[in-house]
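Student: quick one, what's the 3D model for this:
(chains A and B)
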2 protein chains.
Amino acid sequence: MEQQGSSTSAGRGKAEKEFVKEITPQSVDYSQWYIDVVLKTELMDYAPVKGCMAIRPYGYAIWEKIQQLLDRRIKDTGHQNAYFPMFIPQELLQKEAAHVEGFAPEVALVTKGGGETLAEPLVVRPTSEAIICDFYSRWIQSWRDLPMLINQWCNVVRWEKVTRPFLRTSEFLWQEGHTCHRTEEEAEKEALLMLGVYKEFLETEMAIPVIAGRKTEREKFAGALRTYTVEALMRDGRALQAGTSHNLGQHFARVFDITFLDQDGTLKYVWQTSWGVSTRLIGALIMVHGDDRGLVLPPRIAPIQVVIVPIISKKAREEVLAAARRVAETLQQAGIRLKLDDREEYSPGWKFNEWEMKGVPLRLELGPRDLEAEQVIAVRRDSGAKEPLPWAELPRRLPQLLEELQGDLYKRALQFQQEHTRSGADYGEFLQVMERERGFFIASWCGREECELKAKEESKATIRCIPFDREMEHENCLVCGEKAAHVVYFARAY
Amino acid sequence: MEQQGSSTSAGRGKAEKEFVKEITPQSVDYSQWYIDVVLKTELMDYAPVKGCMAIRPYGYAIWEKIQQLLDRRIKDTGHQNAYFPMFIPQELLQKEAAHVEGFAPEVALVTKGGGETLAEPLVVRPTSEAIICDFYSRWIQSWRDLPMLINQWCNVVRWEKVTRPFLRTSEFLWQEGHTCHRTEEEAEKEALLMLGVYKEFLETEMAIPVIAGRKTEREKFAGALRTYTVEALMRDGRALQAGTSHNLGQHFARVFDITFLDQDGTLKYVWQTSWGVSTRLIGALIMVHGDDRGLVLPPRIAPIQVVIVPIISKKAREEVLAAARRVAETLQQAGIRLKLDDREEYSPGWKFNEWEMKGVPLRLELGPRDLEAEQVIAVRRDSGAKEPLPWAELPRRLPQLLEELQGDLYKRALQFQQEHTRSGADYGEFLQVMERERGFFIASWCGREECELKAKEESKATIRCIPFDREMEHENCLVCGEKAAHVVYFARAY
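Tutor: Residues are numbered from 1 along each chain as shown, chains lettered A, B, ... in the order given. Below you'll find the model as predicted:
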């Protein structure tokens, strides 16, 4: 697909000679590398309000792909979208004790409207359990109304002290699913189903391998019975919580009085879940696949999958451009999202740099020498591998090549994750690993918050999850040496 | 597409005998008819915050269709989506004098965040010109950065005193396009292009005929040079502004300092436009096509285009259900959005009422007698016309029938509009028409605000627009009798 508008052309306003590749290497300063990448590839820009940002067209196009691919899965599992009010009366947020304790410190409050001071301040939603439960208490009467399976895509606000583009911003975009069920078993099944959807989505579409498991009591969602999570590993060895799914039990149902008349004629409280992923996934995408030259985007999520750069010389100008246009047309018909970069004010080398920085998975070069051979040179963004491809084979070969690249990115990320996952029973070794290499550290834990907190204070690492698919290797708690109850993943986290 | 979840089944929680069709007839009380329809068809529900609402799944599915069909057109005309912060520093909103005057009285203010009082209150966006111009002043440097063609889909807040579901709510959803251009001509062309997109979209997809034209100085957008509008006529004879497109001139560029270095080496201010449509389109859809039995949805925008209701008798139960499922499968493969209503706790008659109320364009009945004939009975929502259709012909015939229905709804709406459009030069007649029949009244106007205001005070009608495609019929102003300058459409409006 041809991308228009200025945002896809970093530095279009600058003369070519001014183009300088100014991305700090990851090894020098990973945080600065991240900031350089998000700004220079025009994914976002800082807002005049602290902690807020604009998501620029190239960044938003990634979010649109995420929305499209995830929304399909949300609907295929029987959910419908809706939209709930952004303003929550303070009194509603305060109903569930743990919930208010978790969110009250970071809310933004509207105290004036239409020139007048409001009788009761309104909370700008930090998450929508409270307002949605208020509606559900009226919409649900009978077992026939269940399950209630609703999702919404919206903005939320959490007043954060320390912010970082995409990873933690005061306003962000997300989807939040909110469901009600007849039985505890059904709610538990739903919470796990949606965690599974997130895992499959992340691995299949974003090429991000994740560890799935349960959060500890200390790390669970404010108001939940149990929180499930998928955790990804960034290239600097820190973990990032990529999505969560909560079994809310009957905590909210009881305080919001969400009851239904069951088939047996008795009035019962519903069992609930909620689950969400946010624009922070864009941050994960950057940090799992990116390198010193900038973004590396998996083809399935890339706004531009293929860029064609014609190598224009004076004498073969028209012929090269015409061939490039023919190739572009063929590929668009084959359903590939592509850009033909036929700008004449920039050299091919400048364009190579720019599209590499922007993470376009595949570049096709087409110069005078390729005319007779009726071919293009395909260059992979991830490996730099070059391959001549006959024009006639492009519609068949390119989709394959993109899928291969997608698979290779996943394998590379999985290999990195595995190489940066240690396990052990030696607390001193754990502290050293967290200080030097980071990554995941698998250990046994007694289950007491005391040990969890001690480990956090001394290592800056938290328990990311109690994994689903892992046996305990050591019998004793990593921290206190007492009998262990769980195997857990530790990591320093974003 | 099979719709799941409880929201598509009004009254699922009630026993069948309790189903009562409680929609007030339009002729008795049009406003109450509207409220009955939006509540009983579960398009929305009132929020605990005054003036706010939840858009329920059936209503949101309509919004998703609007988004999908309009977003494609916005992208096809070269625009990209982005997302800008919801919070606007008060100081930014105050930069453009007319803009602040227009919006300041109805803003919601965030004064506290994270437990602390903010140094400067933040405005929750009522529209995003101010915040977007702040970004554009940094993003635009050179003529190469132009045109800047960006759109966003988001929520906005305007603190309204009198609200009505979809038509005027304190929070609503919309899209807002914001563009910058090198020349005045380009900006004017863009503003008119997007008005044309709205007109074509409304007429083609929503079957809503509109009058396109220019707003008067008094009615134009706060901060615009010129505002263009498309105006639709509701069944109660009131007009509804369905979409607007503004040529902003250089008003914002000058106060936000959005300049570019042109090819001739001089620094110039950009020329801007903005344009938007909102969830109020759902209100228009209801009021243009709806009747005393409820919604009537045009097939292209209907979340469910076809409902299959099997007429189940004891002896042919399995055969009828099996046939209904086969038909459903065939139609789903043909790309039709359909629901097979095989609930056994409701009678066919109950289901007929429900799906008619929900405005599903086409109902297919399939009973024991249809098995041998291998047919269904198709019933149109708009006319009630019945037609037997052989199963084998459905994949070919149904899409045609839906398109015919779509076209007939447009013709019916256009006929209503034409029958309720009067013209004249007699001010007394004008007042009578506005009082009794309403509708559009085409007249000549001298161009003075004095006459515009007098007419408004005495008739409660405003000038909806100065139409593009209409010659002046009378030489003198309807109100003062002096020489007229424009032909205008008057109407009472939502």
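Student: surely A:Lys215 and A:Tyr228 touch.
Tutor: Yes. Taking Cβ atoms under 8 Å as the definition, A:Lys215 is a contact partner of A:Tyr228 at 7.1 Å. Placement of C-beta: from N, CA and C, glycine included.
Student: what residue ranges in the stretch 1-150 of chain A score low on pLDDT?
Tutor: Residues of the stretch 1-150 of chain A that meet the criterion pLDDT under 70 lie in A:1-21.
Student: mind listing the strands for it?
Tutor: Along the stretch 1-150 of chain A, counting by DSSP state E, counting those that start in this stretch, strands occupy A:44-46, A:53-55, A:80-81, A:87-89, A:108-113, A:116-124, A:148-157.
Student: joint contacts of A:Lys215 and A:Tyr228?
Tutor: Listed as contacting both A:Lys215 and A:Tyr228 by Cβ atoms under 8 Å, 6 or more residues apart in numbering or on different chains are A:Thr244.
Student: picking up where we left off before, for the strands of the stretch 1-150 of chain A, give me CSV that also has distance to chain B and mean neighbour count.
Tutor: Written out in CSV, the entries for those read as follows (distance: least, Cβ to the nearest Cβ, whole Å; neighbours: other Cβ atoms under 10 Å in any protein chain shown):
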stretch, distance to chain B, mean neighbour count
strand A:44-46, 6, 20
strand A:53-55, 4, 24
strand A:80-81, 4, 22
strand A:87-89, 5, 24
strand A:108-113, 4, 20
strand A:116-124, 6, 17
strand A:148-157, 5, 22
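Student: break chain A down into its domains, please.
Tutor: Each domain of chain A is listed here as a residue range: A:1-18+A:297-401, A:53-288, A:421-491, per automatic domain parsing.
Student: got the residues of the stretch 251-400 of chain A near chain B?
Tutor: Within reach of chain B by Cβ under 8 Å from any Cβ of the partner chain, the stretch 251-400 of chain A has these residues: A:260-261, A:345.
Student: out of those residues, which is most surrounded?
Tutor: Across these, neighbour numbers were computed from other Cβ atoms under 10 Å in any protein chain shown; A:Phe260 holds the maximum, 23 neighbours.
Student: most tightly packed of the domains of chain A?
Tutor: Comparing the domains of chain A by mean neighbour count (mean count of other Cβ atoms under 10 Å in any protein chain shown), domain A:53-288 ranks first with a mean of 21.
Student: can you give me phi and psi for the closest residue in space to A:Leu69 that isn't next to it in sequence?
Tutor: With Cβ to Cβ, 6 or more residues apart in numbering or on different chains as the measure, A:Glu205 is the residue that lies nearest to A:Leu69, at 4.9 Å, once sequence neighbours are left out. According to degrees, to the nearest 10, the main-chain angles of A:Glu205 amount to phi -90, psi -40.
Student: and the one 10 residues further on, by the same measure?
Tutor: Main-chain dihedrals, A:Lys215, degrees, to the nearest 10: phi -80, psi 150.
Student: and it, how far is that from chain B?
Tutor: Here the distance between A:Lys215 and chain B works out to 24 Å (Cβ to the nearest Cβ, to the nearest Å).
Student: all helices for the stretch 51-200 of chain A, in order.
Tutor: Per DSSP state H, counting those that start in this stretch, the stretch 51-200 of chain A carries helices over the ranges A:57-76, A:90-93, A:97-103, A:129-139, A:184-205.
Student: how distant is the third one from the center of its chain?
Tutor: Right, the one you point to is helix A:97-103. When C-alpha coordinates are averaged (Cα atoms, centre = their mean, to the nearest Å), helix A:97-103 and its chain have centres 25 Å apart.
Student: just checking, what packs against it?
Tutor: Based on contacts counted as 3 or more Cβ pairs under 8 Å, 6 or more residues apart in numbering or on different chains; DSSP states H and E, the elements that helix A:97-103 packs against are helix A:90-93, helix A:251-256.
Student: out of the residues of the stretch 251-400 of chain A next to chain B, name the ones that lie in helices.
Tutor: Judged by DSSP state H, these include no members of helices.
Student: ok, so of those, who is nearest A:Gln241?
Tutor: Within the set of these, A:Phe260 lies nearest A:Gln241; the separation is 32.7 Å, counting by Cβ to Cβ.
Student: pretty sure that closest one sits against A:Pro147.
Tutor: No. Checked against Cβ under 8 Å, the pair A:Phe260 and A:Pro147 is beyond contact range at 10.7 Å.
Student: now the common contact residues for the two.
Tutor: A:Arg182.
Student: re earlier: out of the domains of chain A, which gets nearest to B:Glu190?
Tutor: In terms of Cβ to Cβ, the element of the domains of chain A nearest to B:Glu190 is domain A:1-18+A:297-401, at 12.6 Å.
Student: and the closest residue to A:Phe441 other than its chain neighbours, backbone torsions?
Tutor: Counting by Cβ to Cβ, 6+ apart, A:Phe441 lies nearest to A:Phe490, which is 4.4 Å off, once chain neighbours are set aside. In this entry, A:Phe490 is assigned phi and psi values of phi -100, psi 150 (degrees, to the nearest 10).
Student: quick one: A:Phe490 and chain B, what's the gap?
Tutor: 29 Å.
Student: and what of A:Val197?
Tutor: From A:Val197 over to chain B the distance is 15 Å, taken as Cβ to the nearest Cβ.
Student: okay but that residue is in contact with A:Asp71, surely?
Tutor: No. At 11.1 Å, A:Val197 does not count as touching A:Asp71 under the criterion of Cβ under 8 Å.
Student: surely A:Ala191 and A:His246 touch.
Tutor: Yes. The pair formed by A:Ala191 and A:His246 meets the contact definition of Cβ under 8 Å, at 6.4 Å.
Student: so what sits against both of these two?
Tutor: With Cβ under 8 Å, 6+ apart applied, the overlap between the contact sets of A:Ala191 and A:His246 consists of A:226, A:228, A:273, A:275.
Student: could I get the residues of the stretch 251-400 of chain A next to chain B in TSV, plus columns for pLDDT?
Tutor: As requested, those are arranged in TSV below (pLDDT from 0 to 100):
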residue	pLDDT
A:Phe260	98
A:Leu261	98
A:Glu345	85
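Student: mind putting those residues in TSV, distance to A:Gly424 included?
Tutor: Shown next, in TSV, are those (distance: Cβ to Cβ, whole Å):
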residue	distance to A:Gly424
A:Phe260	49
A:Leu261	54
A:Glu345	57
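Student: among those residues, which are in strands?
Tutor: Counting by DSSP state E, those place A:260-261 in strands.
Student: on that earlier part again, out of the helices and strands packed on helix A:97-103, flag the one nearest B:Gly102.
Tutor: When the helices and strands packed on helix A:97-103 are ranked by proximity to B:Gly102, the top entry is helix A:90-93, at 29.9 Å, counting by Cβ to Cβ.
Student: show me the contact partners of that closest one.
Tutor: The set of residues external to helix A:90-93 that reach it, using Cβ under 8 Å, 6+ apart, is A:99-100, A:103-104, A:107, A:109, A:120-123, A:130-131, A:134, B:48.
Student: in three-state terms, label the residue with the largest distance to the centre of chain A for me.
Tutor: The centre of chain A is farthest from one residue, A:Lys315, which by Cα atoms, centre = their mean lies 47.2 Å away. Under DSSP: H, G, I helix; E, B strand; the rest coil, A:Lys315 falls in the coil class.
Student: ok, it - contacts?
Tutor: A:Lys315 sits next to A:Pro368 when contact means Cβ under 8 Å, 6+ apart.
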